[in-house]
Structures are given as C-alpha cells and as structure tokens.
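Student: Pasting a predicted model and its sequence here:
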Amino acid sequence: MAIAYTLDMKWLVLVVPLLLLLGPARHSAWADKPARITLPAPITSGDMSLEEALASRRSTRRVSSEPLSMATIGQLLWAAQGITLPSKGFRTAPSAGARYPLRLYVLLPSGLYAYQPKGHWLSQRSPKDLRSAFWKDVYTRPWLASAPAMFLIAADYRRTTEKYGRKARRFVDLEAGHAGQSLLLQSTSLGLHGVGVGAFHAQRTRKTLTLPAEQELLYVIVVGSPHKQ
C-alpha cells in the first residue's frame, strides 16, 4: 500500500506541474483565436451578363442600411479576390507574378472581418461596429456611417517588391483597381448599389482599423441595397 502511494505521489509530482504549464497556455490560445465564419460557396453563373453589368454600373452613394446576407458578402469578396483555380491558387483578379499582395476586409455592423480566400471564410478582427468611427477618417462622408457593408482593399507591397523592385507599387495599385472593378460589377449584377472611395486619411484609418504595420489601405468600396425613397 505504501509503495502504491509513493508511486502515485511521484506521478502527481511529474504531471501536475505539466498540466499547470499547459493548461493556461492552451486556454489562452483558444481565447485569442479569432471567430471564424465559413461563407456560402460562391455562384459562378448569374442572371446578368457581363455586358449588362458594364452598361448598368454607376457610382451610387445612397444605399439602404438594410443588412446584406452572408451569401451576398461572400459573393462580393469572392468577386474581388476569390480563388478560381485551387491547384495553383489563381484568383479572380490578375496579379503580377501571382504574388497576391492584396488583403480584403469588410466593415459590418457586427464588426471588422478579414477575408481568407483559401477556404472562402472570414476571421473577425474586431467585434465593434467601427463604421461611425471610420466615416470620420474618410473626409466627412456621413452617409458611410449607416452603410451596411464597407469593403476595404489593403496591400502588403513587400510581396510584390521582392520580385519586381521599384515596379511593384504600380503593379499592386493596378491590381487593387482590378479587384475593385470586379467587386463593383458583381454588386451591379446582384442588383445592389456601390461606390468606390479613395479619399481617406491614411494614418487615422490605420489607427481605427488597427491594420498590420506592413499593410496599407488603398481603396474603400461601399455596397448596399438601393435606397428606398
């Protein structure tokens, strides 16, 4: 009996410190893990032709505050940066050297989310509704405060600079334009209104969004349902 007790005590002396060491770390890792939202699969065939979308697209600032569905949000994100050839990772917008420096975010009433093209999902970066704070950084456009979705295109220029040097900035800026146009055309084809915004305060938007240091915000695209008169 004494031997069994001694063995048990030795086991506890070894295991308990290990559990104390691993327990909090494991809990912390899960607590810090961002919320993951799997988006519905994107559609690749719609009711409106490309020609109709091109002819109908207009920059419309008056949008309804009616929330967009996750299927719609996912479709718009896919149009801008979705993966179209999984075996090679190719996306909807062309990228110099397939470096893919763009990072997409979406501001919703429920918070700020980052789009993950591989797997087509969202990770939550903030649970706060940042729209009111954000519109103040976009040179006083109060209509942004109630917009149901603001899509943000940021870039990590380093990914392209590594291969193309001084040409990289031009290549990345062109890529942001490709992605933005795709998103706007997709919004048109879905019967939504959208407008691109390029006038914003770089430092203040970075602070509001807490973007990673290596990323630079390039483009803001507001999308919503037609405003009800």
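Tutor: Great, that's in hand. Numbers count the residues shown, from 1 in each chain.
Student: any idea how far Ala96 is from Arg170?
Tutor: 9 Å (CB to CB, to the nearest Å). From N, CA and C alone the C-beta is placed, and that goes for glycine too.
Student: One more: Ala98?
Tutor: 17 Å.
Student: Domain-wise, how is this structure divided?
Tutor: Annotated domains of the chain cover 1-33, 36-224 [automatic domain parsing].
Student: Test my guess that Gln75 contacts Ser189.
Tutor: No - contact between Gln75 and Ser189 fails when scored by CB atoms under 8 Å: they sit 9.3 Å apart.
Student: okay, those two: which has more neighbours?
Tutor: Set Gln75 next to Ser189 and count neighbours by other CB atoms under 10 Å: Gln75 wins out with 23 against 20.
Student: Confirm that one sits in a strand?
Tutor: No - Gln75 sits outside any strand when classified using DSSP: H, G, I helix; E, B strand; the rest coil, being helix.
Student: Contact partners for it?
Tutor: Applying CB atoms under 8 Å, 6 or more residues apart in numbering to Gln75 gives the contacts Pro42, Ile43, Gln186, Leu190.
Student: Now the weakest link among the domains of the chain, please, by mean pLDDT.
Tutor: For the domains of the chain, mean pLDDT drops lowest on domain 1-33, to a mean of 39.
Student: list the contacts for Glu162?
Tutor: Glu162 makes contacts with Arg99, as judged by CB under 8 Å, 6+ apart.
Student: does it sit in a helix or strand, and which one?
Tutor: Using DSSP states H and E, Glu162 falls within helix 158-164.
Student: That helix: which residues count as buried?
Tutor: Using 16 or more other CB atoms under 10 Å as the test for burial, helix 158-164 gives Arg159, Thr160, Thr161, Tyr164.
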